[in-house]
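Colleague: Below are the sequence and a predicted model; questions follow.
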Amino acid sequence: MSDRVKSERRLGWLLCAPAAIAMLAVTAYPIGYAIVLSLQQVDLRFPDEGGWVGLQNYGAVLSSGLWWTDLFNTVFLSVISVSIELCLGMAIALVMHRAIFGRGLVRTSVLIPYGIVTVVAAFSWQFAFAPDTGFVNHLPFIADDKDWFGERFSAFSVIIMAEVWKTTPFMALLLLAGLTTIDDGLYDAAKVDGASAWQRFTRITLPLMKPAILVALLFRTLDAFRIFDTIFIMTNGAQDTQSVSILGYQQLISRLNLGLGSAVSVLIFICVLVIAVFFVRVLGARQPEGSR
Amino acid sequence: MERRRRVRLIALACAGIIGAAAIVGCGGDEGGPVSLKWFIAIQPGGSIQKVAQTCSEESGGKYDIDLELLPTDASQQREQLVRRLGAEDSSIDLIGMDVVWTAEFANAGWIRKWSGPDAKQVTKGVFKPVIETASYEGDLYGAPFNSNTQLLWYRKDLVPKPPKTWDEMVRMAEKLGPEDGGQIQLQSNKYEGFTVWANAMIESAGTQILSGPEEVDLAQGPTEKALASMGLMANSSAAAPNLTTSDEDTSRLGFEAGAAFMVNYTFAYGSAKENAPDVAKNMGAARYPGIEPNRESKPPLGGFNLGISSYSKHADLAFDAAKCLTSEKQQLTVTKLDGLAPARSGLYDTKIVKDAFPGFADLVRESIETAGPRPVTPAYQDVSLAIQDALHPPTKIDPDDPGPAYDELKDKVEQGVKREGLL
């Protein structure tokens, strides 16, 4: 390696250093600190207590029925809402791709729900479904006094609707990006060969979009797994609708039990890592070579 | 060229912002009145602003009370405060503390003790249960600012004589039937209001949740009676359809829409007068219902006490301000503007209180005097969550066999006082 290359490389590192240090300070440090806290007994309300307790906090979390109920809730909500979003998102993406006139208008109007603050959206949906002030119960085929948030699965259905309404545009945009990369010539060739519209969709669109679909699914699943705002506003975890993020919030912010709360946070972090690895390694590995 | 100019402009703007922030940061300490920050829940009638202004003026330029208004939801108020106190934030001077926070704040060392003549001054003529909510381990930690209690509200045109017990009320409402307002409104969402209800039931049955900061009481016989009444209420046809998601506001709406019974704080009267004058005309107030006919109920107790932050840099002035804010005169201002019950018993004979609580001022006084406060423990948050986890939704309590619900409540509360496991 020549001196010139060496010094250029050193300069490169120096120029990167501020960004790298900032990243470490705002991500690695808090994560490390959470891990350290999760091994201790720390409760801000009892400043005199404390000390190392090893994995005791993790034992308390994993042996609690509450953690497993909440984990089930979170997985259930993520799977259902992301599946619906994928189907709807794909349909919207196809429409946006094909739209001949008013393209800009269509794309902008589809994006509106995504631009609304989650808390505001959650409140709107809650008001709409409230038995005293909402309009939903006045619709045909719905009992006038149905208490949507008074029962677990009816509450879930409203939470899922709100989530789907809010994040489908995001899904649609990611899928649209994938759609635009497909060469129109392929469709023309398939048409000449007599492929039906459905065959063109399953044999050309889907395989070529697989990377885009995987990225969209990965982003949305990670997002959905950390669901907090919508549940916090609508039920605040009542009727067994709590998610793991709300569980962590309750230990950390309400109870100020930093040890237990950090253990919950670290476990959520591990779940998110597992999901990411699953998408990248397991699903990504089966990707056909040609589409990379 | 164009691009470089834009970058330079942005840099200039950034420098400007930083510079302005620095100037703001430096200001403040230049003679004049000391600024005291008062964190307290907002009240819709503007009484907080009014008393803060009056006391600032009366201090003769010594201090100026700046308000930091907190949300109306008690849990959110607490969460905003404890974060700051846990981080030893010196920008808090005065704290409007919900009656259930005293033990937690005092034990953590976040608030200062009141003693000597100051303590005497702020507790003079104050209801005994209210002083207890402001005390921890024999010392006073808060100056009672206002009190609050729940009454039984009923429709005089539908109910000839108010019921004495919950079971009697359920029977009366069921007999009225859903068409004629046979509905009981209460607070049974999974939140602090549910703990308020459960505690009032258990206290009214003749026992208590805790006998000390870490001792669970919950005598089995009376507790099971209380739980049976909760189960009967929740599973009755007289329960509102939104029972498991109800709070103070939904229950007042339900009452204004025609329910014959409601347990709620005193604000419900003013609200009905404004929103449903026809209902307000026939609105009767009675003592909170009990569990057994021959045992007086122990109504819920709410309200705020003023604490002085341990991290305040102007504690002496903060004590002076708290004395002014909790004086008889200011308590009456709060009653006049927001209809909140004064913490001093003597004030209930004044015209202002009698106007605020027409015909039921004495009932409010008696209700506060004989109230059953919520448990006093530094682990209050955990105990409250434990009660909610164990008993919510109340529809799952079997009125004929409250045994399982009792076992779960006792287990959970024991876990709560010890602050063990997830809640």
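Modeller: Arrived safely.
Colleague: burial count for the nearest residue to A:E151 once chain neighbours are set aside?
Modeller: Ranked by Cβ to Cβ, 6 or more residues apart in numbering or on different chains and with sequence neighbours excluded, the top spatial neighbour of A:E151 is A:Q239, at 6.1 Å. C-beta here means a position set from N, CA and C on the backbone, and glycine is covered the same way. Burial of A:Q239, expressed as a neighbour count using other Cβ atoms under 10 Å in any protein chain shown, amounts to 21.
Colleague: from what I can see A:Q239 touches B:N189, true?
Modeller: No. Look at A:Q239 against B:N189 with Cβ atoms under 8 Å: they stay out of range, at 9.8 Å.
Colleague: residues shared between the contacts of these two?
Modeller: When contacts are counted by Cβ atoms under 8 Å, 6 or more residues apart in numbering or on different chains, A:Q239 and B:N189 are jointly contacted by B:T244.
Colleague: where's A:F123, which helix or strand?
Modeller: Assessed by DSSP states H and E, A:F123 sits inside helix A:118-129.
Colleague: brain fart, B:I65
Modeller: With DSSP H and E as criterion, B:I65 is part of strand B:63-70.
Colleague: how much space between B:M283 and chain A?
Modeller: Counting by Cβ to the nearest Cβ, to the nearest Å, the gap between B:M283 and chain A amounts to 19 Å.
Colleague: Give me the local confidence score for that residue.
Modeller: Predicted confidence (pLDDT) for B:M283: 95.
Colleague: gap between the helix or strand just after the helix holding A:F123 and the chain center?
Modeller: Taking DSSP H and E as the definition, the helix or strand that follows helix A:118-129 towards the C-terminus is helix A:152-180. Relative to its parent chain, helix A:152-180 has a centroid offset of 10 Å by Cα atoms, centre = their mean, to the nearest Å.
Colleague: So is helix A:152-180 next to chain B?
Modeller: No. Among the residues of helix A:152-180, none lie within reach of chain B under Cβ under 8 Å from any Cβ of the partner chain; the closest is 8.9 Å away.
Colleague: After that helix, which helix or strand is next?
Modeller: The next secondary structure element downstream of helix A:152-180 (using DSSP H and E) turns out to be helix A:184-192.
Colleague: Now do the SS call for B:F304.
Modeller: With DSSP: H, G, I helix; E, B strand; the rest coil as the basis, the three-state label of B:F304 is strand.
Colleague: what does the one 4 residues further on give?
Modeller: Assigned by three-state DSSP, the conformation of B:I308 is strand.
Colleague: and residue 269, what is it in contact with?
Modeller: In the absence of a named chain, this looks at chain A. Taking Cβ under 8 Å, 6+ apart as the criterion, A:F269 is in contact with A:31, A:34.
Colleague: meant chain B actually
Modeller: Residues near B:Y269 by Cβ under 8 Å, 6+ apart: B:153, B:280, B:283, B:285, B:339, B:357, B:360.
Colleague: can you tell me the helix or strand for it?
Modeller: For B:Y269, the enclosing helix or strand under DSSP H and E is helix B:267-275.
Colleague: Give the next helix or strand downstream of that helix.
Modeller: The helix or strand immediately downstream of helix B:267-275 is helix B:277-281, counting by DSSP H and E.
Colleague: before we move on, the earlier item: I'd like the average pLDDT over the helix holding A:F123.
Modeller: Per-region confidence: helix A:118-129 scores 94 on mean pLDDT.
Colleague: Just give me how far it sits from the chain centre.
Modeller: Distance, centroid of helix A:118-129 to centroid of chain: 19 Å (Cα atoms, centre = their mean).
Colleague: Taking helix A:152-180 as reference, get the angle to it.
Modeller: 130 degrees (axes from the mean of the first three to the mean of the last three Cα atoms, to 10 degrees).
Colleague: quick one, phi psi at B:S188?
Modeller: Recorded main-chain torsions at B:S188 are phi -140, psi 20, according to degrees, to the nearest 10.
Colleague: hang on, the earlier thing: got a pLDDT number for the residue nearest to A:E151?
Modeller: Reading off the confidence values, A:Q239 has pLDDT 89.
Colleague: Confirm that it sits in a helix.
Modeller: Yes. If the criterion is three-state DSSP, then A:Q239 is within a helix.
Colleague: For it, give its distance to A:L71.
Modeller: 17 Å (Cβ to Cβ, to the nearest Å).
Colleague: could you point out where the chain is predicted with low confidence?
Modeller: In the absence of a named chain, this looks at chain A. A:1, A:285-292 (pLDDT under 70).
Colleague: my question was about chain B
Modeller: Applying pLDDT under 70 to the predicted model, the residue ranges of chain B that meet it are B:1-30.
Colleague: thinking again about what came up before, pick out whichever of the contacts of B:Y269 sits closest to chain A.
Modeller: Here the nearest of the contacts of B:Y269 to chain A, counting by Cβ to the nearest Cβ, is B:W153; it sits at 17.3 Å.
Colleague: what does chain A have sitting close to chain B?
Modeller: That would be A:43-47, A:60-61, A:63-64, A:66-67, A:130-133, A:145-147, A:149-151, A:235-239, A:247, A:250-251, A:253-257, A:260, A:264, which are the residues of chain A within reach of chain B (Cβ under 8 Å from any Cβ).
Colleague: Buried by neighbour count, from the residues you listed: which ones?
Modeller: Of all the residues of chain A next to chain B considered here, the ones buried according to neighbour count by 16 or more other Cβ atoms under 10 Å in any protein chain shown are A:43-46, A:60-61, A:64, A:66-67, A:130-132, A:146-147, A:149-151, A:235-239, A:247, A:250-251, A:253-257, A:260, A:264.
Colleague: Alright, that wraps it up for me.
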